[in-house]
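Student: Here's a sequence, model it:
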Amino acid sequence: MEYIILAIIGLLSGVVGALVGLGGGVILVPATLFFGGSLGLIPGITPQNVVGLSVIMMIFTGLASTLSYMKSKTVDYRSGLIFFIGSVPGTILGAIVNKGLDLPSFNLYFGILLILLATLLLVRKYLKPIHIFVDNSKKKTFIDPQGNTFVYGYPIWFALLLTFGVGFASGLFGIGGGSILVPAMILLFLFPPHVAVGTSMFMVFLSAIVNSVSHISLGNVPWLYTIPVIPAAYIGAKIGAYLNQKIKSETLVFALRIILLLLGIRSIVAGLLG
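Tutor: So this is what the prediction gives:
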């Protein structure tokens, strides 16, 4: 039974993760903790196991998504590599800190993080674009399928600082970093949503490799549970990347906001009741 549940969770994680650039961990982590920790349907699940499972899955969802986004030319490779370099030290530190978290604390902190991200996107339209980062950087231009022109950019020093924090959250919560990076790219660097998602998945793939090494060395990976999750998540990521190209930019941001808000509320409630 647990393998069927994990396969379904993996499929949904792949679809949603690739669709909005989250990497899938933001779905897999709370869902697996709910079915495994709260309902007891997945034996032996701990926050550390779930994070280990999530980072292994994200190698494959990141790869599948990146290959799809490469075809649609919505991956900014240079930005992805810069963000990856900044995230590596934070990822390793986050994986180490993860060892000290119990389930209620994990759920509570994870939920607060998601609510903050959802709130940022909720007020996005009411915030003035932060042009200071774009104005003081080398600008890039992108025209989306609807004919909208985007001018975006960022100072490298700030991108490295930001992605250190993204990497820390990724290593700590197993969420791939995309749930933080995508909103930041859209709000601070004025990335077009489709390019933000494609570039995020490229970085998720690279950082998941480093993240997995950390968690494997710490003994956090439940290898038997990767058997149903990996193929299901890979297929889901292909589906999500395909759907991404059929959805308007604003619809994409709306979907991301709702997903983060609902998961954040559920996680906080679980943390407080735990």
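
Student: residue ranges of the helices in the stretch 1-150 of the chain, please?
Tutor: 2-20, 25-33, 47-71, 77-98, 103-122, 131-135 (DSSP state H, counting those that start in this stretch).

Student: Next, the angle from the fourth one to helix 103-122.
Tutor: Inter-element angle recorded for helix 77-98 and helix 103-122: 150 degrees (by axes from the mean of the first three to the mean of the last three C-alpha atoms, to 10 degrees).

Student: on that earlier part again, right, and the helices of the stretch 1-150 of the chain - which one's nearest residue 193?
Tutor: Among the helices of the stretch 1-150 of the chain, the nearest to residue 193 by C-beta to C-beta is helix 2-20 (8.8 Å). All C-beta spots, glycine's among them, are computed from the backbone N, C-alpha and C.

Student: re the thing from before, just give me the lowest mean pLDDT stretch among the helices of the stretch 1-150 of the chain.
Tutor: Mean pLDDT values for the helices of the stretch 1-150 of the chain show the minimum at helix 131-135, a mean of 66.

Student: Once you drop chain neighbours, what's closest to residue 248?
Tutor: If the residues on either side of it in the chain are set aside, residue 248 comes closest to residue 146, at 6.5 Å by C-beta to C-beta, 6 or more residues apart in numbering.

Student: Run a quick neighbour tally on that neighbour.
Tutor: Using other C-beta atoms under 10 Å, residue 146 is surrounded by 9 other residues.

Student: Could you shift the numbering so residue one becomes 32, and keep it that way?
Tutor: Sure thing, new numbering starts at 32, so read that last one as residue 177.

Student: Just the pLDDT at it, thanks.
Tutor: Confidence for residue 177, expressed as pLDDT, is 75.

Student: Might one say that it is in contact with residue 277?
Tutor: No - counting by C-beta atoms under 8 Å, residue 177 does not reach residue 277; the two are 11.9 Å apart.

Student: before we move on, the earlier item: so which of the helices of the stretch 32-181 of the chain is the most packed in?
Tutor: helix 56-64 (a mean of 27; mean count of other C-beta atoms under 10 Å).

Student: Compute the inter-axis angle for that helix and helix 33-51.
Tutor: Inter-element angle recorded for helix 56-64 and helix 33-51: 160 degrees (by the same axes, to 10 degrees).

Student: mind checking how far residue 228 is from residue 50?
Tutor: 8 Å (C-beta to C-beta, to the nearest Å).

Student: Return the distance of the residue nearest to residue 279 relative to residue 282.
Tutor: 11 Å.
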